[in-house]
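**Student:** mind folding the following:
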Amino acid sequence: MKLFNTLTRKKEEFTVKDGKVRMYVCGPTVYNYFHIGNARCFVVFDMLRRYLEYKGNEVTFVQNFTDVDDKLIRAAKEEGTTVPAIAEKYIKEYYKDAHGLGVRDATVHPRATENIDKIIEIVEKLIATGHAYVSGSDVYFDSQSDNEYGKLSHHNMDELEAGARIDVSEIKKHPYDFALWKGKKEEGEISWPSPWGEGRPGWHIECSAMVNRFLGTEIDIHGGGVDLIFPHHENEIAQSECATGKPLARFWLHNGHINVDNKKMSKSAGNFFLVRDAAAKYGYKAVRFFLLSSQYRSPINYTEDTLLQSKAAVERLQNCLSNVEFAEKNAAGEYSAEEKECVAFMEEKKAAFIDAMEDDLNTADAIGFLFEMTRAINTAVAHNCSREFLDKVEEIYIPLCDLLGFGREEGTEDTAYIEEMIALRAEAKKAKDYAKADAIRNELKEKGIILEDTPQGVKWKKAQS
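**Tutor:** Coordinates of the predicted model:
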């Protein structure tokens, strides 16, 4: 598999050692609901994890929660509550939206506040080795002490100066030095004891601490949005590698940004969309489809038309899965030449799908091949199908739908209950008790189950969430 490594600026062969992959992806700062830009990162790296697991690898996936930060402190003041209460509230809300998008939970979701001891340990080591210095009750990383600083963003110090998000302060030696530890500034501010006084960690150091604690040194993949390359990931590399003397990650992967109607998404421009709002209008699965419909490094344009197209595409996939499920209940006949031809076509498109995924996770092309299979399967299952053919569909097609996050969601529906209700509805219609039949249909609809009367019988499908 080839992946584009930001560190080397080229596609490189990603080799897996002993069938195990250690991957860290920067998670949300939990002071609000997350937006579409955040969601692209979460969905893209969920997709990468799914694909690595599909290939038979064991993936240890760590995604943090930044649960102490200036933004949380401001939000706590505005809402008249505490930083821990704000963090707890929005971590719960993160899971609601992430699960709606089909993003699986990480192996570990560590919090910054749970790793203060590890953060202090690394800061102490950086001070002892001359890579950090104490200024009052703050501690700063000395950017001039690292002769490789800038290697991820591929800029030297002069080039970084223009447009960089640099916190300029008189208490720093150099403009590019960054806070490892922030001393407590006012009474009541959330803080922890440290050798330098009461305070809290800087933003960058928390990720180094959690990578080191949960994955060790020289992990396989570190990921995030393109906006994190500088300064966050640049600073993370500097402090981690100066503390351990070892490379932090073999591969650095970054997803592209999102435009809204061809303009960069931002709060100041007023074109800023929360995932929850987009999902309420188009459905979570449509949002996921939209986020995977372009190769992950390319910018992607959010418009009403693209979201409506994504919603329609998801419905086509779900209808195909529903058609297959219905056909499996009525399988009959011999394995025909037409079915064998369709299976050969599916195998050909599966190979093309895998080739696309192997080429830097090209989900755009992979989805195209999946829809070619979808059309062929819909044609085949319009007639009575053999059990052999449907077994091949289960073997080839269904796992690819699951891989993309659009497959059957096991355990979310009580199939026996649904079938029982369909049977009761059929009895009611036979007895011409149409009020009861309609009541059953409406009850299922309220539970997210849509019934469709067809010439072949009653089909059911889940309403798009």
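**Student:** in the protein, where's the longest helix?
**Tutor:** When the chain is parsed with DSSP state H, its longest helix is helix 304-329.
**Student:** in the next helix or strand after that one, what's buried?
**Tutor:** Downstream of helix 304-329, the next assigned helix or strand under DSSP states H and E is helix 337-358. Neighbour counts over helix 337-358 (16 or more other C-beta atoms under 10 Å) mark 339, 342-343, 345-346, 349-350, 352-354, 356-358 as buried. Quick note: C-beta positions are derived from backbone N, CA and C, even for glycine.
**Student:** for stretch 98-111, same thing?
**Tutor:** 98, 100-103, 106-107, 109-111.
**Student:** now, among those residues, which is nearest to Gly19?
**Tutor:** Of all those, Thr107 has the smallest distance to Gly19: 15.3 Å, by C-beta to C-beta.
**Student:** give me every residue that touches Asp10.
**Tutor:** Wrong residue type there; residue 10 is Lys, not Asp. Phe4 (C-beta atoms under 8 Å, 6 or more residues apart in numbering).
**Student:** what is the rounded mean pLDDT of the longest helix of the chain?
**Tutor:** Taken as a whole, helix 304-329 carries a mean pLDDT of 95.
**Student:** helices or strands up against that helix?
**Tutor:** helix 275-282, helix 284-292, helix 363-380, helix 387-404, strand 457-462 (3 or more C-beta pairs under 8 Å, 6 or more residues apart in numbering; DSSP states H and E).
**Student:** buried ones in the first one?
**Tutor:** The reference is to helix 275-282. Buried residues in helix 275-282 (16+ other C-beta under 10 Å): 275-276, 278-279, 282.
**Student:** what of the shortest one?
**Tutor:** Buried residues in strand 457-462, counted by 16+ other C-beta under 10 Å: 458-462.
**Student:** sorry, back to before: show me which pair in the buried residues of helix 275-282 is furthest apart.
**Tutor:** Largest separation among these by C-beta to C-beta: Arg276 and Tyr282, giving 11.6 Å.
**Student:** let me see the domain layout of this protein.
**Tutor:** Domain segmentation of the chain under automatic domain parsing yields 2-131+143-164+204-255, 304-404, 415-462.
**Student:** which residues does Arg74 contact?
**Tutor:** Tyr31.
**Student:** could you look up the SS state of it?
**Tutor:** State at Arg74, reduced to three classes by DSSP: H, G, I helix; E, B strand; the rest coil: helix.
**Student:** could you measure from it over to Ile86?
**Tutor:** Distance, Arg74 to Ile86, using C-beta to C-beta, to the nearest Å: 10 Å.
**Student:** and stretch 262-272, how far from the chain's centre?
**Tutor:** Offset of stretch 262-272 from its chain centre (C-alpha atoms, centre = their mean, to the nearest Å): 21 Å.
**Student:** tell me which residues in that stretch are buried?
**Tutor:** Buried-residue list, stretch 262-272, by 16+ other C-beta under 10 Å: Met265.
**Student:** can you give me the mean pLDDT across that stretch?
**Tutor:** On average, stretch 262-272 scores 77.
**Student:** just the ones of the buried residues of stretch 98-111 in helices?
**Tutor:** Among those, DSSP H puts 98, 100 in helices.
**Student:** tell me the helix or strand right after the strand or helix carrying Ala243.
**Tutor:** Element membership for Ala243 (DSSP H and E) is helix 234-244. Next along the chain after helix 234-244, taking DSSP H and E as the criterion, comes strand 249-255.
**Student:** so after that following strand, what's the next helix or strand?
**Tutor:** With elements assigned by DSSP H and E, the helix or strand that comes after strand 249-255 is strand 258-260.
**Student:** residues of that following strand that come out buried?
**Tutor:** For strand 258-260, by 16+ other C-beta under 10 Å, it's 258, 260.
**Student:** just give the closest residue to Tyr284, not the sequence neighbours.
**Tutor:** Gly100 (3.6 Å; C-beta to C-beta, 6 or more residues apart in numbering).
**Student:** ok, the residue nearest to Ala106 when sequence neighbours are not counted to Asn5 distance?
**Tutor:** Using C-beta to C-beta, 6+ apart and skipping the chain neighbours, the partner closest in space to Ala106 is Gln63 (4.1 Å). According to C-beta to C-beta, Gln63 and Asn5 sit 20 Å apart.
**Student:** neighbour count for these two, which is higher?
**Tutor:** Comparing Gln63 with Asn5 by other C-beta atoms under 10 Å, the one with more neighbours is Gln63, at 27 against 19.
**Student:** give me the distance between Asn64 and Thr303.
**Tutor:** Shown here: Asn64 relative to Thr303, a distance of 32 Å by C-beta to C-beta.
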